[in-house]
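K.L.:
predicted structure and sequence below. I'll ask about it afterward.
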Amino acid sequence: MSIDLTTIEFLTTEQLAGLLNISKTSIYRLIGNRLIPFYKLGHNIRFKKADVLDYLEKNCLRPIS
């Protein structure tokens, strides 16, 4: 199985916090509770954009109708 790294977009904690409009502390809380998928590369934490979109979709609450 080969992975095309040119098509995978990774985000830093700062970028993800800005994208979701939440604090970096909230991002670290999600990481600590293992609620959001992440990759640890040495001392760096990265998020695959596709994983973040999946996380958001799974945590979307639909209106009661």
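P.N.:
Great, that's in hand.

K.L.:
please report phi then psi for the residue most central in space within the chain.
P.N.:
The residue lying closest to the centre of the chain (C-alpha atoms, centre = their mean) is Val52, at 3.8 Å. Dihedral angles of Val52 (phi, psi; degrees, to the nearest 10) stand at phi -70, psi -40.

K.L.:
roughly how far apart are it and Pro63?
P.N.:
Using C-beta to C-beta, to the nearest Å, Val52 is found at 23 Å from Pro63. All C-beta spots, glycine's among them, are computed from the backbone N, C-alpha and C.

K.L.:
chain center to the helix or strand harbouring Thr25: distance?
P.N.:
Per DSSP states H and E, Thr25 falls inside helix 24-32. Helix 24-32 sits 10 Å away from the centroid of its parent chain (C-alpha atoms, centre = their mean, to the nearest Å).

K.L.:
show me which positions of that helix end up buried.
P.N.:
Neighbour-count burial for helix 24-32 flags 27, 30-31 (criterion: 16 or more other C-beta atoms under 10 Å).

K.L.:
which one of those is nearest to Leu16?
P.N.:
Nearest to Leu16 among these: Ile27, at 5.7 Å, using C-beta to C-beta.

K.L.:
in the protein, which spans are strands?
P.N.:
With DSSP state E as the criterion, the chain has strands at 10-11, 39-41, 44-48.

K.L.:
what pairs with the shortest one, parallel or antiparallel?
P.N.:
What it means is strand 10-11. Here strand 10-11 has these sheet partners by DSSP bridges: strand 44-48 (antiparallel).

K.L.:
report the inter-axis angle for the partner strand versus helix 24-32.
P.N.:
80 degrees (axes from the mean of the first three to the mean of the last three C-alpha atoms, to 10 degrees).
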